[in-house]
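Novice: what's the 3D shape of this:
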Amino acid sequence: MAEERKACVSPVTGFLQNIDLVRRQLRDDSTHRKDNETFDAEKLWSEMEKIFKVISHEATKISLAFCGSPAPSDKECSSLFSQAEKAILALVSLFYTLPASQGLRLIKSTKDTVLSLLDSMRELISNIQEGCAGNQQQLQSTGTVWQDANLFASMPKNDKDAVVRELKTCSQLIKDALEEIEEAIEGDGIQDDLCDLDEEGGEEGGAQWTESDKALTKPCVGLIKTTKSLIKKATDCVQSNGLTQRPMEIQELDKLAELSERLSPSVDDLIMDLYPPVDLRKVQEKGKTLFEIHQTVLGFLRSSHMTGEDDQKWLEFLLKANQHNYDNILKVT
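Specialist: You can find the predicted model right below:
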């Protein structure tokens with residue numbers, strides 16, 4: 001069987017080299033996208049859906065060809081991989097026709113979905129090359145290609161949906177971080193998974209919060225709760241009021257996503273410095289960073305098309321909550 005499969009070494013290697021080149025180009029994408037006044041979004045998504053299905057079909061053909069014996073001949077391999085390459089190049093070419101005027105976050109979301117499909121396709125062919133043909137690993141990687149091809153159905157097709165998806169992901173990360181620090185507070189700051197190991201392999205005694213540390217955690221948690229409320233309100237605003245008809249509206253959606261993606265890392269940084277032993281100076285610095293991001297996002301939302309008169313009350317409330325919690329951090333530190 002091993003000798004039979006050597007016939008396809010060259011076509012398989014060539015396919016992997018080509019798909020690697022395409023993946024690198026996509027990841028390092030700095031292509032200048034020209035605006036297209038006649039751009040037809042419906043046509044693009046219709047064509048892209050077809051190509052996703054073609055790639056899934058080609059993956060199935062390749063997988064089936066390598067499931068039994070004898071292995072495909074060199075000529076058969078060339079034909080199989082040629083068809084798959086054509087579909088991949090068609091997909092990438094179509095992706096590059098998506099103009100920047102449709103939204104940077106839409107482009108990013110689409111690129112991530114395309115890359116996910118190419119990555120799973122590469123894994124399938126790599127498994128075949130490594131001698132996994134016909135085994136469970138090949139079947140699993142074939143299934144992964146199918147799953148990634150099916151992602152097209154739920155993939156955002158406009159910038160608003162792309163931004164909403166990003167905000168929801170950010171919201172979940174912040175929610176998880178808040179739950180983590182609240183659990184730590186219940187345990188007086190001891191986190192088993194954060195304990196260091198000494199040289200003999202034993203755990204050092206976990207440091208605990210002092211009374212002054214505990215006093216500091218309250219406004220910090222309050223600040224993080226403000227983050228949680230802010231990202232939820234921002235998501236609601238985009239869902240209810242976000243528009244994609246004019247360039248300014250799309251630019252504002254992209255800007256909100258850009259500002260909001262700083263929230264989760266800043267929350268994580270603040271939480272890490274809250275664990276004992278606590279460095280008051282660092283906590284104050286991280287708290288200030290998060291406070292300033294809140295101010296920026298709230299100010300941006302207030303002046304954007306995504307908020308109106310009905311939103312002023314909660315915007316003002318969060319501005320006051322943000323200032324109140326930060327002032328209390330300063331008092332304690």
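Novice: Tell me which residues of the helix or strand that contains residue 23 come out buried.
Specialist: For residue 23, the enclosing helix or strand under DSSP states H and E is helix 9-27. Of all the residues in helix 9-27, those buried under the rule 16 or more other Cβ atoms under 10 Å are 11-12, 15-16, 19, 22-23, 26. All C-beta atoms are positioned from the backbone trio N, CA, C, and that covers glycine.
Novice: and which of those residues is nearest residue 79?
Specialist: Proximity of these to residue 79 was ranked by Cβ to Cβ; the top entry is residue 11 with 9.0 Å.
Novice: need the contact list for residue 61.
Specialist: With contacts defined as Cβ atoms under 8 Å, 6 or more residues apart in numbering, the neighbours of residue 61 are 80, 83.
Novice: any idea which element it lies in?
Specialist: Using DSSP H and E, residue 61 sits in helix 41-65.
Novice: C-terminal to that helix, what's the next element?
Specialist: helix 74-95.
Novice: what's that following helix packed up against?
Specialist: helix 9-27, helix 41-65, helix 104-129 (3 or more Cβ pairs under 8 Å, 6 or more residues apart in numbering; DSSP states H and E).
Novice: Tell me, how many residues neighbour the closest residue to residue 152 other than its chain neighbours?
Specialist: Excluding the flanking residues, the one nearest residue 152 by Cβ to Cβ, 6 or more residues apart in numbering is residue 52, at 4.4 Å. Neighbour count for residue 52, taken as other Cβ atoms under 10 Å: 22.
Novice: Residue 52 and residue 120 touch, don't they?
Specialist: No. Contact between residue 52 and residue 120 fails when scored by Cβ atoms under 8 Å: they sit 11.8 Å apart.
Novice: Please, where are all the helices along the stretch 101-250 of the chain?
Specialist: Assigned by DSSP state H, counting those that start in this stretch, the helices in the stretch 101-250 of the chain fall at 104-129, 136-150, 159-186, 211-241, 247-260.
Novice: For the last one, which helices and strands make contact with it?
Specialist: Looking back up the chat, that one is helix 247-260. Going by 3+ Cβ pairs under 8 Å, 6+ apart, helix 247-260 lies up against helix 104-129, helix 159-186, helix 211-241, helix 280-303.
Novice: Check the ones you listed for me and report the most buried one.
Specialist: Most buried of the helices and strands packed on helix 247-260 by mean neighbour count (mean count of other Cβ atoms under 10 Å) is helix 104-129; its value is a mean of 21.
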